[in-house]
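*Asks:* Sharing a model that was predicted from the sequence below.
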Amino acid sequence: MAKRIWRNSACTILIAKRESTSSVLTIPSYDRSKLPGKLRNDQYDYRFLLLKRGKESPFMPSTHVFPGGVLDNADLSTKWVSILSKLDDKFLSRFILPDDKPRPFKFASAAVNQVGSPQATESTLPIEIATRICAIRETFEESGVLMARKIVPKMDISNIEFGEVILDENLISVWRKRVAANAKDFLVLCEEKDICPDIWGLNEWSNWLTPTVFTRRFNTLFYTYFLNSTPEVAIDNQEMSHSQWFSPTEAIDHFYAHKLILPPPQNYDILRLGQIESIEKLAKFSKNRSREGVQCWLPVIHTTADGMLHLLPGRQLDYSKYFIKD
């Protein structure tokens, strides 16, 4: 059998309106004036959800990440067509961008996907749709937040900026365990309860491929999803051990104070979010930006005499300035 190179996955940057301007934690141990731009003042009217991986996690233990996980064959099932069509009979073409737009590697190469990951073919749901379902399903499993809409005939969903969540506690407690045990039950849940995963509320934000130095590698689509209020979170206590809502400043405060560990993709994307203080403006920007497509970024790691560099596309490195180890 061919060697598994990486697995396709998806995660959700869940962003909700901030209910209080008081910080979770004030860190006086460094000069915040050194932070870039708007991060210095913490005037953000929103927070996003981070989950802490368990210390026994096989991949990046004890790090804080956005909720998400691996693509399953159930996410590619064509049975989703009948459910999604109840809200949008044009959904199959709505998320497939023209060829002249930059696309994630997993989309461009769906027909020749990596061994060990489900494959998108002509007889499955397009990978652009399946990855969104994956992000919603995995977020539900890990956080208990169900990003879905009640099916309402003739609902206009062509330009949604803010999403919805199902708040039925009994439904969530019962079905979450079932879905975690068998991804196929997510489709059963939607059929029986007449709800639809809110693929329209998700916006393509970034695409990261784990560097080659790791034995476990993932090709992950990051989506943004916006809410008008902060939903209750109930972690699964299996993969995740803790949850917390942060503003961009709060997250970076915690990071520099060594109160949390942020993998490079989370760190970078939090800094990107931090360029916009208003959730309304961020939601509009995210929706418009997603129509331009995203590229897959593979950080190239260089070890130096006193640390490690993660080089991103477009970065020119003058080796004479560093002491590179072999």
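*Replies:* Noted; the coordinates are in hand.

*Asks:* Show me the strands in this structure, by range?
*Replies:* Here the chain has its strands, by DSSP state E, at 7-17, 46-53, 64-65, 68-70, 148-150, 195-197, 203-209, 218-227, 240-246, 296-297, 300-304, 307-311.

*Asks:* Pipe those into a markdown table and attach mean neighbour count per row.
*Replies:* Glycine gets a C-beta too; all of them are placed from N, C-alpha and C. What follows is the strands of the chain, written out as a markdown table (neighbours: other CB atoms under 10 Å):
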| stretch | mean neighbour count |
| --- | --- |
| strand 7-17 | 25 |
| strand 46-53 | 23 |
| strand 64-65 | 24 |
| strand 68-70 | 21 |
| strand 148-150 | 18 |
| strand 195-197 | 24 |
| strand 203-209 | 22 |
| strand 218-227 | 25 |
| strand 240-246 | 19 |
| strand 296-297 | 19 |
| strand 300-304 | 14 |
| strand 307-311 | 12 |
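
*Asks:* Generate CSV for those strands, with mean pLDDT as supplementary columns.
*Replies:* CSV is the format used below for these (pLDDT from 0 to 100):
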stretch, mean pLDDT
strand 7-17, 96
strand 46-53, 94
strand 64-65, 94
strand 68-70, 94
strand 148-150, 93
strand 195-197, 95
strand 203-209, 94
strand 218-227, 96
strand 240-246, 87
strand 296-297, 88
strand 300-304, 82
strand 307-311, 81
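
*Asks:* do you know which of the ones you listed lies nearest residue 162?
*Replies:* strand 218-227 (4.9 Å; CB to CB).

*Asks:* Redo the strands of the chain as JSON lines? Include distance to residue 135.
*Replies:* Output for these, formatted as JSON lines (distance: least, CB to CB, whole Å):
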{"stretch": "strand 7-17", "distance to residue 135": "4"}
{"stretch": "strand 46-53", "distance to residue 135": "13"}
{"stretch": "strand 64-65", "distance to residue 135": "13"}
{"stretch": "strand 68-70", "distance to residue 135": "6"}
{"stretch": "strand 148-150", "distance to residue 135": "12"}
{"stretch": "strand 195-197", "distance to residue 135": "9"}
{"stretch": "strand 203-209", "distance to residue 135": "10"}
{"stretch": "strand 218-227", "distance to residue 135": "5"}
{"stretch": "strand 240-246", "distance to residue 135": "16"}
{"stretch": "strand 296-297", "distance to residue 135": "16"}
{"stretch": "strand 300-304", "distance to residue 135": "26"}
{"stretch": "strand 307-311", "distance to residue 135": "24"}
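
*Asks:* For residue 283, which of those is the nearest?
*Replies:* Among the strands of the chain, strand 218-227 sits nearest to residue 283 (CB to CB), with 4.4 Å.

*Asks:* For that closest one, which helices and strands make contact with it?
*Replies:* strand 7-17, helix 105-108, helix 127-143, strand 203-209, helix 264-273, helix 279-290 (3 or more CB pairs under 8 Å, 6 or more residues apart in numbering; DSSP states H and E).

*Asks:* Lowest average confidence across those, which one?
*Replies:* Lowest mean pLDDT of those: helix 105-108, a mean of 64.

*Asks:* these two touch, right, residue 254 and residue 246?
*Replies:* Yes. Between residue 254 and residue 246 there is a contact under CB atoms under 8 Å: 7.1 Å.

*Asks:* Redo the helices and strands packed on strand 218-227 as TSV? Include distance to residue 185.
*Replies:* Shown next, in TSV, are the helices and strands packed on strand 218-227 (distance: least, CB to CB, whole Å):
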stretch	distance to residue 185
strand 7-17	18
helix 105-108	24
helix 127-143	10
strand 203-209	27
helix 264-273	29
helix 279-290	29
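
*Asks:* Tell me which of those sits most buried.
*Replies:* Comparing the helices and strands packed on strand 218-227 by mean neighbour count (mean count of other CB atoms under 10 Å), helix 127-143 ranks first with a mean of 27.

*Asks:* Determine how far that helix lies from the middle of the whole chain.
*Replies:* How far helix 127-143 lies from its chain's middle: 9 Å, per CA atoms, centre = their mean, to the nearest Å.
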